[in-house]
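Asks: Model the structure of this input:
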Amino acid sequence: MRRIRTTPRMRDLVAETKIDPSKLIMPVFVDENLKNMAPINSMPGIYTYPLETVGKYLESLESKGIRNILLFGVPAHKDAMGSSSYDPNGGVQKTIKIAKENTSLTVMTDLCLCEYTDHGHCGIVEKSIINNDRTLDVYDRIAISYAESGSDVIAPSGMMDGQVGSIRRALDQSGFNGTSILAYSAKYSSNLFGPFREAVKSAPGFGDRKTYQMDWRNSREAMREIELDIKEGADMIMVKPAIFYLDIISEARKRFDLPLAAYSVSGEYSMIKKAILEGYMNENIILEGMTSVFRAGSDMLITYFAEWFMENVEQ
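Replies: Model (predicted):
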């Protein structure tokens, strides 16, 4: 076996898995409250951008070879209904237009209410319980507003039952039957989301999200979630988080033929980045982690290391 490991070129020749830059998706945060870019303290090297400068940042990403972005927004106003989420003049809506007017990036937009509600939950709350069906009505409005702004892909992440089917119908009825849906199909109630909640100020004001996000102890349930989203009209499916859920990615690849995404979330980024900064590991750990996700069967990867990859890895 050692004969095919003798040199770097020989190892490259027989390598089974290669990270394709065209399959990487860079998350981007835009905050209506900012005047200048602001660091996310729990995610060293990652920033939140104001509307005034996010366009230049998107252009810089494209110049480095990034082809795909996933947008998240922080509004100036939050309320119990998350009404800012479907404002045609909202931060995400404006950023979509900026991206489409000034770049050739594929624009994906995360669709959820946690950033927009004053209670931090992903849906409409009634008597401390999420009203699933009322939430779907709001999701439909958000999806239409994103599509009207020019989003290529809608990515609903709230884990409400029936969200993909409801959004698909709303888009089709509004004339956006060409807009794709990337379903957060198997999204676990993970401890790895902490740094993200700092970035978008979306920590729940009470309780947790375990009644709608998946129990991390379950794998067969994930297959049922994915199958339902496919039946409802998903164009692409996702497993989130990534590195702790490689078994889920692998099983999904075996069972389903749709394009499969994985989201290497904020906690994964922060653990790896902190270990590198402290000198416990070198930057090769980034490549090892990214490769593991593709090796498990994912077709594309949402990762905060996408920009780093384009800056540091020879293409």
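Asks: quick one: secondary structure of residue 108?
Replies: Three-state call for residue 108 (DSSP: H, G, I helix; E, B strand; the rest coil): strand.
Asks: beta partners of the residue nearest to it when sequence neighbours are not counted?
Replies: Of all residues not flanking residue 108 in the chain, residue 153 sits nearest, at 4.1 Å (C-beta to C-beta, 6 or more residues apart in numbering). Bear in mind the C-beta positions are built from the backbone N, C-alpha and C, glycine included. Residues in a beta bridge with residue 153, per DSSP bridges, are residue 108, residue 180.
Asks: can you pull the contacts of residue 153?
Replies: By C-beta atoms under 8 Å, 6 or more residues apart in numbering, the residues touching residue 153 are 106-109, 179-182, 235-236.
Asks: Just the closest of the residues you listed to residue 279, please.
Replies: Residue 279 has its nearest neighbour among the contacts of residue 153 in residue 108, at 34.9 Å by C-beta to C-beta.
Asks: State the number of residues packed around that closest one.
Replies: For residue 108, the number of neighbouring residues by other C-beta atoms under 10 Å comes to 25.
Asks: doesn't residue 174 make contact with residue 147?
Replies: Yes. Contact criterion C-beta atoms under 8 Å: residue 147 and residue 174 qualify, at 7.1 Å.
Asks: who has more neighbours, those two?
Replies: Taking other C-beta under 10 Å, residue 147 and residue 174 do not tie; residue 147 has more neighbours (23 against 14).
Asks: got the contact list for that one?
Replies: 154, 171, 174, 176, 179.
Asks: Spatially, which two of those are the most separated?
Replies: Pairwise distances across those (C-beta to C-beta) peak at 11.9 Å, for the pair 154 and 174.
Asks: On the C-terminal side of the particular helix or strand that has residue 55 in it, identify the next helix or strand.
Replies: Assessed by DSSP states H and E, residue 55 sits inside helix 51-63. Remark: after helix 51-63, the chain's next helix or strand is strand 68-74, criterion DSSP H and E.
Asks: got the CA coordinates for that next one in CSV?
Replies: Extracted in CSV, the C-alpha atoms of strand 68-74 (Å, rounded to 0.1, in the frame of the first residue of the first chain):
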residue,chain,number,x,y,z
ASN,A,68,-21.9,31.1,-3.6
ILE,A,69,-23.1,33.0,-0.5
LEU,A,70,-25.7,32.3,2.2
LEU,A,71,-27.2,35.6,3.6
PHE,A,72,-28.3,36.2,7.2
GLY,A,73,-29.7,39.5,8.5
VAL,A,74,-30.0,41.4,11.7
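Asks: which other helices and strands contact it?
Replies: strand 24-31, helix 91-102, strand 106-111, helix 194-200 (3 or more C-beta pairs under 8 Å, 6 or more residues apart in numbering; DSSP states H and E).
Asks: could those go into CSV alongside mean pLDDT and distance to residue 313?
Replies: Listed next are the helices and strands packed on strand 68-74 as CSV, based on pLDDT from 0 to 100; distance: least, C-beta to C-beta, whole Å:
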stretch, mean pLDDT, distance to residue 313
strand 24-31, 97, 11
helix 91-102, 97, 24
strand 106-111, 97, 20
helix 194-200, 72, 24
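Asks: Tabulate these (a markdown table), appending distance to residue 84.
Replies: Below are the helices and strands packed on strand 68-74 laid out as a markdown table (distance: least, C-beta to C-beta, whole Å):
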| stretch | distance to residue 84 |
| --- | --- |
| strand 24-31 | 12 |
| helix 91-102 | 9 |
| strand 106-111 | 13 |
| helix 194-200 | 13 |
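Asks: Quick one, which of these gets closest to residue 4.
Replies: Comparing the helices and strands packed on strand 68-74 by their distance to residue 4 (C-beta to C-beta), the top pick is strand 24-31, with 27.7 Å.
Asks: For the helix or strand just after the closest one, give the mean pLDDT please.
Replies: Later in the chain than strand 24-31, the nearest helix or strand by DSSP H and E is strand 38-39. Strand 38-39 shows a mean pLDDT of 94.
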